[in-house]
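Peer 1: sequence below, structure please.
(chains A and B)
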Amino acid sequence: MRRTTYIVVAGVVLLFGLSWVLHAVSMSGEADGIERAFMITMAAFLTLAIYSFLYKDNPFYKFAEHLYVGVSAAYWMCQAFWSTIVGNLFPRLSEGLSSYFQQPYQASGWNITYWIPVILGIMLLMRLTEKYGWMSRWPLAMIVGTTAGLNFVRYLRSDFVVQVSSTFMPLLGEDPHRWQGFGAFISNLDLSATGQLAAIVSNWVIFIGVICGIIYFYFSKEHSGAFGRASRLGIWILMITFGASFGYTVMGRISLLVGRITFLFKDWLQIIS
Amino acid sequence: MRRQIPFGLVFIFGIFMVFQFFVPHEKSEWVYEFLLDWIIVIGIFALALGIWSLFKVSVEKIKQGKEGGNYSYITLVGLYMMMAFGFTQQTGDGWGLYFLWIMLCSACIVSLMRLRASTDSGKKRMWALASGGLLVAAVLVAIFDDAWAFFLYTPEGLENSMFEIFFDHIMMPILATMFSLLAFYIASAAYRAFRARNVLASLLLLAALLVMSRFNPFIPGAEYVANASNWLMNVPNLAAQRAIVIGIGLGIVGTALKIILGIERGYMGRG
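Peer 2: Predicted structure coming up:
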């Protein structure tokens, strides 16, 4: 088993080297051709390494997985350092510090308050010590409290009040299809997707669908009788949504797959132009 | 007191954030903006804490010689290389000995980890010598090579082309491939889920087929299929999504209230 692993690894390394050399030769006229050839080969290798998981968990997949963890952690750290700490925090902390970091100082009488999150951030790092670990709870409490308060109002508005108010629509049509009586409705009957009939049906489906969907999730009352029938309709609507979400996700993943296959055949193997 | 003060802070900040919404005064909005800025700054320190945890876990895995622990070298080398690209930059036209420096430092990290993991004194000495030698070589290259330099106080470090190249050719391919991998698993899940055994499964199947054939111009009546699919997404789908969102919203509001009032205390940990 160990010998087979070594042979497979050696084969992959050989193929990698061969691909790099062939790409470098084809890019010999371009600037940084050797480096670019290496990176394209590397991207192809990593793509295939991830796809190798379809067979089973293997060292190539683990290599790509672990590399991603390290590289992405450093990437976000560098971005956060340069954009937030150097770009936004230092220019507010002190004039000397901002001139040292070659950033324009943003003068304000309240800049001193920006030392508070710095102190809280240092307190958060105290988690690394056993003796002063308790100090990290203070900044944590500040973050948790602020976020909880923020979410309380934000979600109450966006996920409850706005959603409920959007559900209560005129069931017999609204502008530009305002209800003007049954006679007018029959004489101007329009069966197209943009007509009054379609608008009325859509509003009814949304109204009943939301009510029945919520009833399905209400477990404090037995789902029997009229309540049970409404709950049954709710699960039908929910199944349609799950099917639509499933189809939508499949389309998204397939488009990503097409993107990776295109990269392999176009940029790496250069089979298609 | 070590636990009571944090709970008090949660209550004060939580209540303030709730009430500031109902007091649209200049001063309250000013404090609100400050608090949001503070959270971002503290978040960066939390990120640093996360990176330290990643480093510590990787080192521990190597030290304990657990199965798959050797892959932690890859994580640490990847971490180091991206950090190095984030704080160095080309000063001339060529890269000089930059890649040699990267390789020397990577090898130095690997040998330092081997040094920590070794229990045998002979091996310890060997890895200590290797680490020292590689470190001296890396420092010498850094001192005498003028083709590149450290940029610790200007964003030029972030403009290192290798930083972008690693993002485009390492991070993005892995991320996109990971997500596209799901297409294969979804195909196998679809086989099980899409069997029209009853009305509910048939509804699921029809809705999924309609949405998947939305952008297919080759099927007969493509325009009608697209219209029906759009209606499905905008009407019944919206209705059920709204029912779910209302439930989620109420759940989040309830949890937030429990946290502010100190009923939910799990986030504070033990001790």
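Peer 1: using CSV, list the CA coordinates for the strand or helix carrying residue A:74.
Peer 2: Assigned by DSSP states H and E, residue A:74 belongs to helix A:59-80. In CSV, the C-alpha atoms belonging to helix A:59-80 read as follows (Å, rounded to 0.1, in the frame of the first residue of the first chain):
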residue,chain,number,x,y,z
PRO,A,59,-3.7,12.6,0.2
PHE,A,60,-4.1,14.9,-2.8
TYR,A,61,-7.5,16.1,-1.5
LYS,A,62,-6.2,16.6,2.0
PHE,A,63,-3.2,18.5,0.6
ALA,A,64,-5.5,21.0,-1.2
GLU,A,65,-7.9,21.2,1.8
HIS,A,66,-5.1,22.0,4.2
LEU,A,67,-3.5,24.5,1.8
TYR,A,68,-6.8,26.3,1.4
VAL,A,69,-7.2,26.7,5.2
GLY,A,70,-3.8,28.2,5.6
VAL,A,71,-3.8,30.5,2.6
SER,A,72,-7.4,31.8,3.2
ALA,A,73,-6.7,32.5,6.9
ALA,A,74,-3.6,34.6,5.9
TYR,A,75,-5.5,36.3,3.1
TRP,A,76,-8.3,37.6,5.3
MET,A,77,-5.8,38.6,8.0
CYS,A,78,-3.7,40.6,5.6
GLN,A,79,-6.8,42.2,4.1
ALA,A,80,-8.2,43.1,7.5
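Peer 1: quick check, that helix touching chain B?
Peer 2: Yes: against chain B, helix A:59-80 shows contacts by C-beta under 8 Å from any C-beta of the partner chain at A:62-80. The way it works is simple: take the backbone N, C-alpha and C, and place the C-beta from them, glycine included.
Peer 1: could you pull up the residues touching residue A:222?
Peer 2: The contact partners of residue A:222, by C-beta atoms under 8 Å, 6 or more residues apart in numbering or on different chains, come to residue A:228.
Peer 1: and the helices in the stretch 101-250 of chain B?
Peer 2: Applying DSSP state H, counting those that start in this stretch to the stretch 101-250 of chain B gives helices spanning B:121-144, B:161-166, B:172-193, B:199-212, B:222-234, B:236-260.
Peer 1: what lies in contact with the fifth one?
Peer 2: Which is helix B:222-234. A:193, A:198, A:202, A:240, A:244, A:248, B:207, B:210-211, B:213-216, B:219.
Peer 1: ok, 6 Å please
Peer 2: Applying C-beta atoms under 6 Å, 6 or more residues apart in numbering or on different chains, the external contacts of helix B:222-234 come out as A:193, A:244, B:210-211, B:213-214.
Peer 1: buried sites along that helix?
Peer 2: For helix B:222-234, burial by neighbour count (16 or more other C-beta atoms under 10 Å in any protein chain shown) applies to B:225-229, B:231-233.
Peer 1: go through the helices of the stretch 101-250 of chain B and name the closest to residue A:260.
Peer 2: helix B:172-193 (5.2 Å; C-beta to C-beta).
Peer 1: enumerate the positions of the closest one that are buried.
Peer 2: Judged by neighbour count (16+ other C-beta under 10 Å), helix B:172-193 contains these buried residues: B:173-174, B:176-177, B:179-183, B:186, B:190.
Peer 1: stretch B:96-108 too?
Peer 2: Buried-residue list, stretch B:96-108, by 16+ other C-beta under 10 Å: B:96-98, B:101-108.
Peer 1: if we can go back for a sec, return the list of helices and strands in contact with the helix holding residue A:74.
Peer 2: Helices and strands touching helix A:59-80, by 3 or more C-beta pairs under 6 Å, 6 or more residues apart in numbering or on different chains; DSSP states H and E, are helix A:33-51, helix B:26-64, helix B:71-87.
Peer 1: export those helices as CSV, with columns for distance to residue A:272, mean pLDDT and mean neighbour count.
Peer 2: Putting the helices and strands packed on helix A:59-80 into CSV (distance: least, C-beta to C-beta, whole Å; pLDDT from 0 to 100; neighbours: other C-beta atoms under 10 Å in any protein chain shown) gives the following:
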stretch, distance to residue A:272, mean pLDDT, mean neighbour count
helix A:33-51, 14, 91, 20
helix B:26-64, 39, 89, 16
helix B:71-87, 31, 91, 22
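Peer 1: among the ones you listed, which is nearest residue A:85?
Peer 2: Residue A:85 lies closest to helix B:26-64 among the helices and strands packed on helix A:59-80, at 5.9 Å (C-beta to C-beta).
Peer 1: ok and the closest one relative to helix A:59-80, angle-wise?
Peer 2: Helix B:26-64 and helix A:59-80 are oriented at 150 degrees to each other (axes from the mean of the first three to the mean of the last three C-alpha atoms, to 10 degrees).
Peer 1: so helix B:26-64, near chain A or not?
Peer 2: Yes: against chain A, helix B:26-64 shows contacts by C-beta under 6 Å from any C-beta of the partner chain at B:35, B:38-39, B:41-42, B:44-45, B:47, B:51, B:54.
Peer 1: same thing with stretch B:97-114?
Peer 2: No: interface with chain A: stretch B:97-114 contributes nothing (C-beta under 6 Å from any C-beta), its closest point being 8.6 Å away.
Peer 1: before we move on, back to that, need the contacts of helix B:222-234 in JSON lines (columns: neighbour count, pLDDT and distance to residue B:119).
Peer 2: JSON lines is the format used below for the contacts of helix B:222-234 (neighbours: other C-beta atoms under 10 Å in any protein chain shown; pLDDT from 0 to 100; distance: C-beta to C-beta, whole Å):
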{"residue": "A:193", "neighbour count": "14", "pLDDT": "68", "distance to residue B:119": "74"}
{"residue": "A:244", "neighbour count": "26", "pLDDT": "92", "distance to residue B:119": "58"}
{"residue": "B:210", "neighbour count": "21", "pLDDT": "91", "distance to residue B:119": "63"}
{"residue": "B:211", "neighbour count": "25", "pLDDT": "91", "distance to residue B:119": "59"}
{"residue": "B:213", "neighbour count": "17", "pLDDT": "88", "distance to residue B:119": "62"}
{"residue": "B:214", "neighbour count": "21", "pLDDT": "84", "distance to residue B:119": "62"}
